[in-house]
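**Q** compute the structure for the input listed below.
(one chain, ligands or ions: 2)
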Amino acid sequence: MRYFAVLFILLIAASAHADSPLVAEIKKRVGDDYARLDAFYKDIHANPELAMHEVRTARILAKALRADGIEVTEKVGVTGVVGVLKNGKGPVLLIRADMDALPVTEKTGLPYASKVQVRDDDGQLVGVMHACGHDVNATCLTGAAKVLVGMKDRWRGTIVFIGQPAEETGMGAAKMLEDGLFERFPKPDYAFALHCDGRYPAGHVNFREGKMQANVDSIDILVRGKGGHGAAAHTTIDPVVLAARIVLDLQTISSRERDPQDPIAVTVGVIQGGTKRNVIPNEVRLQLTVRTTNDTTRKEVLDAITRVAKFAALGARAPEPVITHDKAGFTPALYNDVELTRKNVALFRETLGEEKVHERPMSLGGEDFSQFVRRGVPGFYWHLGVAPLEAYEASKKGGPPLANTHSDRFAPVPEPTIRTGVLTMSLAAIKLLEAK
Ligand SMILES: [Zn+2]
Ligand SMILES: [Zn+2]
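**A** Ligands and ions are numbered 1, 2, ... in the order given. Here you go, the predicted model:
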């Protein structure tokens, strides 16, 4: 008898990843819907749109949600989509997908690769590509919506599905909030979002408790001098040399002023000045992105940038530089609610298997899902692996690195990625709102 009991326990342990009836039902529903999801994904992938121009994507997403009987409002925050699914008394859960693509010319060679070119807001002709996988995120949203509509008997409450514009510019979530997202529609008690991650294989997910992504500030510095002849620099105040000094001095904020345990990034991504080799210009423009992970550090680093630029100018006899802080473009740091994260991570481990759920380090990347969380809504944001397993394993053994998000070769493997996205999203929602 005892022998059989032990055998029974061993059998249970061996089949620890066997699906619960709930997981099995979700998987079956995702399977039944997969042909539609595949077509939806490839259509959006081939027709990407830049931030705040997601007109077609929003229309298709709204149509898909409406087809499931969800009440949809369009043009919330320029191009945002809001679908409200009411299902009795219970908490309100917001589920967000972003919709915008990037000004990148696609080089994946996929049959459904984007060939789209448009003029961007500055009038430049650019290729457009879903290089950040927001097409996957939006597809998973429609998949989860269909599952959740079909399984209404398993949960109670309200789900607000969001198609968010302009994540890449950090403006979309703020625009939707400004347009009354939390006043015109049920205010969420919880918020979920998933996002692609090119460094992990399809079928895997990763997460982080607490601090996950950074504060993102955009600073412009107009370095001023006094122009003149390149052969008579002594009669000028050369803003090119001064800008070069400022760029280097800014590096010492991170390396000489800050505690390495509290990571920051001060990156000068744009330096523009001058028209001709023998003309010293009057001005040089610098554009910076500044990343920090807490609010005190943020203030100190922004102050340090002003100090470094000002005193470099003083040392060069130059007029004070003009420093502009784009406050509207600020994206706050993203924090994952600890309790919500632990609950969902346990659920994902049980469902996908321990080896497919990874804890990841904090990133200095930005993510404006934080705008919802910063308004007091406990949030959980997780990453979805997208890479082919063989390519992932080869990269671990010193092979070619994987193409991550924002690369022109970023190419999620659609089926396992989307199936895992829809499964984790639907399961997390049902468990949170489970009907008792
Ligand atoms: Zn991105
Ligand atoms: Zn993204």
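**Q** give me the residues contacting whatever helix or strand residue 296 lives in.
**A** With elements taken from DSSP states H and E, the one containing residue 296 is helix 295-315. Residues from elsewhere that reach helix 295-315, judged by CB atoms under 8 Å, 6 or more residues apart in numbering: 215, 217, 219, 221, 223-224, 242, 245-246, 249-250, 252-253, 257-258, 262, 264, 266, 288, 290, 292, 319-321, 323, 325. Bear in mind the C-beta positions are built from the backbone N, C-alpha and C, glycine included.
**Q** residues in contact with the nearest residue to residue 169 once chain neighbours are set aside?
**A** Spatial nearest neighbour of residue 169, chain neighbours left out: residue 51 (4.5 Å); criterion: CB to CB, 6 or more residues apart in numbering. Applying CB under 8 Å, 6+ apart, we find residue 51 in contact with 100, 165, 166, 167, 168, 169, 171, 172.
**Q** who touches the first one in this structure?
**A** Think residue 100. If you count contacts by CB under 8 Å, 6+ apart, residue 100 has them with 49-54, 134, 165-169, 172.
**Q** show me the residues you listed that map onto helices.
**A** Here DSSP state H is the test, and the contacts of residue 100 give 134, 172 as lying in helices.
**Q** can you pick the most crowded of the contacts of residue 100?
**A** Among the contacts of residue 100, residue 165 has the most neighbours (other CB atoms under 10 Å), with 32 neighbours.
**Q** that residue touches residue 75, doesn't it?
**A** No - counting by CB atoms under 8 Å, residue 165 sits too far from residue 75 to count as a contact (9.9 Å).
**Q** gap between the residue nearest the centre of the chain and residue 383?
**A** Closest to where the C-alpha atoms of the chain average out (CA atoms, centre = their mean) is residue 367, at 4.5 Å. Using CB to CB, to the nearest Å, residue 367 is found at 10 Å from residue 383.
**Q** quick one, domains of the protein?
**A** Annotated domains of the chain cover 19-213+333-432, 215-329 [automatic domain parsing].
**Q** any idea how far the shortest one is from the chain center?
**A** This points to domain 215-329. When distances are taken as CA atoms, centre = their mean, to the nearest Å, domain 215-329 is centred 28 Å away from the chain's centroid.
**Q** try stretch 329-349
**A** Distance of stretch 329-349 from its chain centroid, counting by CA atoms, centre = their mean, is 13 Å.
**Q** can you report how many residues neighbour residue 79?
**A** Using other CB under 10 Å, residue 79 has 26 other residues around it.
**Q** my guess is it contacts residue 60, does it?
**A** No - contact criterion CB under 8 Å: residue 79 and residue 60 do not qualify, at 11.9 Å.
**Q** and the residue nearest to residue 149 when sequence neighbours are not counted, what is it in contact with?
**A** Distance criterion CB to CB, 6+ apart; nearest residue to residue 149, sequence neighbours excluded, is residue 68 at 4.5 Å. Contacts for residue 68 (CB under 8 Å, 6+ apart) come out as 145, 146, 149.
**Q** most surrounded residue in those residues?
**A** In terms of neighbours by other CB under 10 Å, the contacts of residue 68 top out with residue 145 at 27 neighbours.
**Q** in terms of helices and strands, where is that one?
**A** Using DSSP H and E, residue 145 maps to helix 134-150.
**Q** likewise for residue 347?
**A** Using DSSP H and E, residue 347 maps to helix 338-352.
**Q** now do the buried residues in that helix.
**A** By neighbour count with 16 or more other CB atoms under 10 Å, helix 338-352 contains the buried residues 340, 341, 344, 345, 347, 348, 351, 352.
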